[in-house]
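S.K.: structure, please.
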Amino acid sequence: MLRSIARRQFSSTAFNPYKVTVLGAGGGIGQPLSLLLKLNHKVTDLRLYDLKGAKGVAADLSHIPTNSTVTGFTPESKESQAELAAALKDTEVVLIPAGVPRKPGMTRDDLFSINAGIVRDLAGAIAKNAPNAAILVISNPVNSTVPIVAEVLKQNGVYNPKKLFGVTTLDVIRSSRFISEIRNTDPTTERVTVVGGHSGITILPLISQTKHKSMIQGETLDKLVHRIQFGGDEVVQAKNGAGSATLSMAEAGARFANSVLAGFEGERDVVESTFVDSPLYKSEGIEFFASPVTLGPEGVEKIHGIGALSEKEEEMLAKCKETLKKNIEKGQKFVTGN
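M.R.: Reported below is the predicted structural model:
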């Protein structure tokens, strides 16, 4: 199994200065995500955009003594694009947690009708103002929103598949945590490859490739896989409708952003699972797929295969691909049909 980068410690070591923009910085994910990025010394220019609240979040974070400036951007009217353009100008990494959160009983796919339009419009602004930026899509449903961004960038003639990522890191960190609870181990030492997509049965944790494959079997394995696939429901229910997985998602987004920046820095062996334009199953009509990816100065450096699977995982993969293909096509048709 390929080694995945655990969360790197943020230190005062000198890095190249990077400009990072968060679109949706005033929300439940956006605020803690912005805090974690403020603590990352690779980020020296942090721009926060939202329809409301971004300037307040920026003012609050600006009091934290790290070597970065924080600026908030909020449009004076819904029609104004000037603030969004300013937040994106010359930025190198854009994170998109914008959109509505899940409520009890909602699946990620239920969010599509609302979040698809938000992501489409933000992608258009990125195409015009930051065409060379790495784009990290957090807004759900990721299986559909990443293809939406890709289609918008293609329409604007600036699509670079090496710099478009669906952030699936939450599935990875959940896997590490949940396995550690079963096996009574240190979760920071658990390495789990998660492939496929980022919704329900499209999430495929490869338990057979972990050091616990012979110890986690039968009903225990079934419950573990289900918990990883539907961990978001656990949080939504625990919050009694008051929110979804915001804090853990913020940590996942910050970790992946840090890995992207580490790749930009030229660090070696920076490997994360992420949902990207992938050749793995393109012959089957599946244009995007999450698998381990080596990150480098230009973004995606190498897309790795998923390795040998157990018989059960092969069955899960078949179901994953069937659903994933529909999710991707739904996102593509949202743009091409409008």
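S.K.: where do the helices sit along this structure?
M.R.: Ranges of helices within the chain are 30-38, 54-61, 82-88, 112-129, 142-155, 169-183, 218-229, 231-238, 247-264, 311-336, based on DSSP state H.
S.K.: which one of those helices lies closest to Glu287?
M.R.: helix 311-336 (5.9 Å; Cβ to Cβ). All C-beta spots, glycine's among them, are computed from the backbone N, C-alpha and C.
S.K.: which neighbouring elements make contact with the closest one?
M.R.: The contact analysis (3 or more Cβ pairs under 8 Å, 6 or more residues apart in numbering; DSSP states H and E) places helix 311-336 against helix 112-129, helix 142-155, strand 194-196, strand 203-205, strand 288-296.
S.K.: who wins for proximity to Glu265 among the ones you listed?
M.R.: Per Cβ to Cβ, nearest to Glu265 of those: strand 288-296, 9.7 Å.
S.K.: poorly predicted segments of the stretch 51-200 of the chain, please.
M.R.: Residues of the stretch 51-200 of the chain that meet the criterion pLDDT under 70 lie in 102-109.
S.K.: residues in contact with the residue most central in space within the chain?
M.R.: The chain has Val167 as the residue nearest its centroid, 1.5 Å off, counting by Cα atoms, centre = their mean. Each residue near Val167 by Cβ atoms under 8 Å, 6 or more residues apart in numbering is listed here: 95, 136-138, 142, 198, 252-253, 256, 274-275.
S.K.: at 6 Å instead, please
M.R.: 136, 138, 253, 256 (Cβ atoms under 6 Å, 6 or more residues apart in numbering).
S.K.: for stretch 294-309, buried residues please.
M.R.: 294-296, 299-300, 303-304, 306, 309 (16 or more other Cβ atoms under 10 Å).
S.K.: typo on my end, stretch 317-332
M.R.: Here stretch 317-332 shows 317, 320-321, 323-325, 327-328, 330-332 as buried, counting by 16+ other Cβ under 10 Å.
S.K.: also stretch 221-239?
M.R.: 221, 224-225, 227-229, 231-233, 235-236, 239.
S.K.: from Arg120, how far out is the residue nearest to Val146 when sequence neighbours are not counted?
M.R.: Distances taken as Cβ to Cβ, 6 or more residues apart in numbering place Gly166 nearest to Val146, at 4.1 Å, with adjacent residues excluded. Distance from Gly166 to Arg120, counting by Cβ to Cβ, to the nearest Å: 15 Å.
S.K.: these two - which one has more neighbours?
M.R.: Gly166 (29 against 18; other Cβ atoms under 10 Å).
S.K.: many thanks, we can stop here.
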